[in-house]
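**Q** based on what follows, work out the 3D shape:
(2 chains)
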2 protein chains.
Amino acid sequence: MANRFLRNTCTATRIVSKLVTKAVFDFNLIEDGDRVLIAASGGKDSTVMAMTLATIRPALKRDYTLAALHISSDFCACCKKSVLSGRLAEWGIPFTDLAVPVIGRLKPGRKMNCYWCSTQRRTELLRYAMEHGFTKIALGHHADDILETFFMNMCGKGVLETMPPLLRYRKYPVALIRPLALVEERHVIAAAAENDILKAACTCPYGINSKRRDYRARLAAFTANGAEKRRMLAAVLADTY
Amino acid sequence: MANRFLRNTCTATRIVSKLVTKAVFDFNLIEDGDRVLIAASGGKDSTVMAMTLATIRPALKRDYTLAALHISSDFCACCKKSVLSGRLAEWGIPFTDLAVPVIGRLKPGRKMNCYWCSTQRRTELLRYAMEHGFTKIALGHHADDILETFFMNMCGKGVLETMPPLLRYRKYPVALIRPLALVEERHVIAAAAENDILKAACTCPYGINSKRRDYRARLAAFTANGAEKRRMLAAVLADTY
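**A** Model prediction:
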């Protein structure tokens, strides 16, 4: 009965574990000897990803190490970093905090925008990973992010492109991986709740106006059901991978 | 003033002519010496296409001939074929009517469906074209049809595919072309009205339940504006062509 109780109460966590395992094998995200750097914002996505990559390791039978890097931008005042680092320590993941003055790097006359901020943070992430000998950078983008990006690119840029589960750089000896590529956001949210993962992300004053929210709502209205959404994701991943 | 009046009253016809011309050049749909067979259902799409292919010929400076084939299925009782053949004669396009007993060809125990009907009609179209030495078969699918098909395939089959503007067969010495690929349905409808093109299509008792109508409505609700729709079409055509 104890086992059955566990199974029933941990459904989302198990779904996430299964889908991350599937993504690791399907897209060959992690290989023996990989040193994986988790981009840890403190939000539900990257924290659930960190927990999952730590807990599935014995079953995966792949020999890899994990570490987490948190990039604090200028907008990061509140950050519950001690909560985040505490949870990561539970899962055996060492934590580093890196401050990046995103506003201070703006060229004169330029306004702050999401593209600038994300470019700066990505650059620092890459630099840190290479300086410290990491082979993979794990990003917490989930299936809904990938579908939304597909539609944003299709409708806004006129191209069929999205974020791939695995992106190798020609110039750099490090690759980006998205272990949550097959996991829907609702399962990430449920797994976060099951594991008492509190949101400890930096608040972004620009986030509220994000175009992504508009696409998320339009896409939710368009999609008939879960099966259809999974077929859409399969189409997008098969074509862009 | 007379010219200006003409310009104002013929806007849609001119838009359609321009976009068909652009499609012919962009996708190299028609070459010198081509014998083009128009699949003429009698509906607005193929009739506007027939008119346009006839009227833009002098400006295109490509040496091609046109003929039209109407396939009458079992569902074709009412057909205003004399109206259709009369309009085609105005534009100098010879007309042929071919009866295809779609229901009679059903295997025992199988029910009538859209896939079976369209396969039978396509087979006859191909056979007729090859027997009579045509090099191209022109189908009246417009931009909205192409976008809808893309979403039907994405959501229903999990693949990113749609009807291409030009489809060459490996086995057959004939190619399918879709000269209306860049034309939105609203422009086809307006051009049909401007040129007094009445709907003389065969009525299909199965058409009302078509999945396509559902996708058309969902897509209309999803798409923010005309510019976005054109970018979506550009993405789909660039990727699938």
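**Q** my guess is residue A:66 is in a strand, correct?
**A** Yes. Assessed by DSSP: H, G, I helix; E, B strand; the rest coil, residue A:66 belongs to a strand.
**Q** OK, contacts around it?
**A** Contacts for residue A:66 (C-beta atoms under 8 Å, 6 or more residues apart in numbering or on different chains) come out as A:36, A:38, A:50, A:53, A:54, A:57, A:92, A:93. The C-beta positions use only the backbone N, C-alpha and C, and glycine is treated the same way.
**Q** spatially nearest residue to the fifth one (excluding sequence neighbours)?
**A** The reference is to residue A:54. residue A:91 (3.8 Å; C-beta to C-beta, 6 or more residues apart in numbering or on different chains).
**Q** do the third one as well
**A** When the adjacent residues along the chain are set aside, residue A:50 lies closest to residue A:38, with 5.0 Å between them (C-beta to C-beta, 6+ apart).
**Q** for chain A, which spans come out with low pLDDT?
**A** In the predicted model, chain A carries pLDDT under 70 at residues A:1-10, A:75-79, A:199-209, A:239-241.
**Q** what segments of it are strands?
**A** A:35-39, A:65-72, A:95-99, A:136-138, A:166-168, A:175-177 (DSSP state E).
**Q** what does the fourth one contact?
**A** When you say that, I think you mean strand A:136-138. Here strand A:136-138 makes contact (C-beta under 8 Å, 6+ apart) with A:29-30, A:34-39, A:49, A:53, A:125-126, A:129, A:174-179.
**Q** 6 Å instead, please
**A** Strand A:136-138 is contacted from outside by A:34, A:36, A:37, A:38, A:125, A:129, A:175, A:176, A:177, A:179, using C-beta atoms under 6 Å, 6 or more residues apart in numbering or on different chains.
**Q** quick one, what contacts the residue nearest to residue A:50?
**A** By C-beta under 6 Å, 6+ apart, the contact list for residue A:38 reads A:50, A:68, A:138.
**Q** how about the residues of chain A near chain B?
**A** Residues of chain A found near chain B (C-beta under 6 Å from any C-beta of the partner chain) are A:154-155, A:158-160, A:218, A:222, A:228, A:231-232, A:234-235, A:239.
**Q** ok so, going back, closest one of the contacts of residue A:38 to residue A:17?
**A** Among the contacts of residue A:38, residue A:50 lies closest to residue A:17 (C-beta to C-beta), at 12.8 Å.
**Q** what is the burial count for that closest one?
**A** Neighbourhood size, residue A:50 [other C-beta atoms under 10 Å in any protein chain shown]: 27.
**Q** tell me who's in contact with it.
**A** Residues near residue A:50 by C-beta under 6 Å, 6+ apart: A:38, A:68, A:93.
**Q** redo that, cut-off 8 Å
**A** A:38, A:40, A:66, A:68, A:87, A:88, A:91, A:93.
**Q** from chain B, how far off is the first one?
**A** It stands for residue A:38. Separation of residue A:38 from chain B (C-beta to the nearest C-beta, to the nearest Å) stands at 30 Å.
**Q** same thing with the third one?
**A** For residue A:66, the distance to chain B under the criterion C-beta to the nearest C-beta works out to 32 Å.
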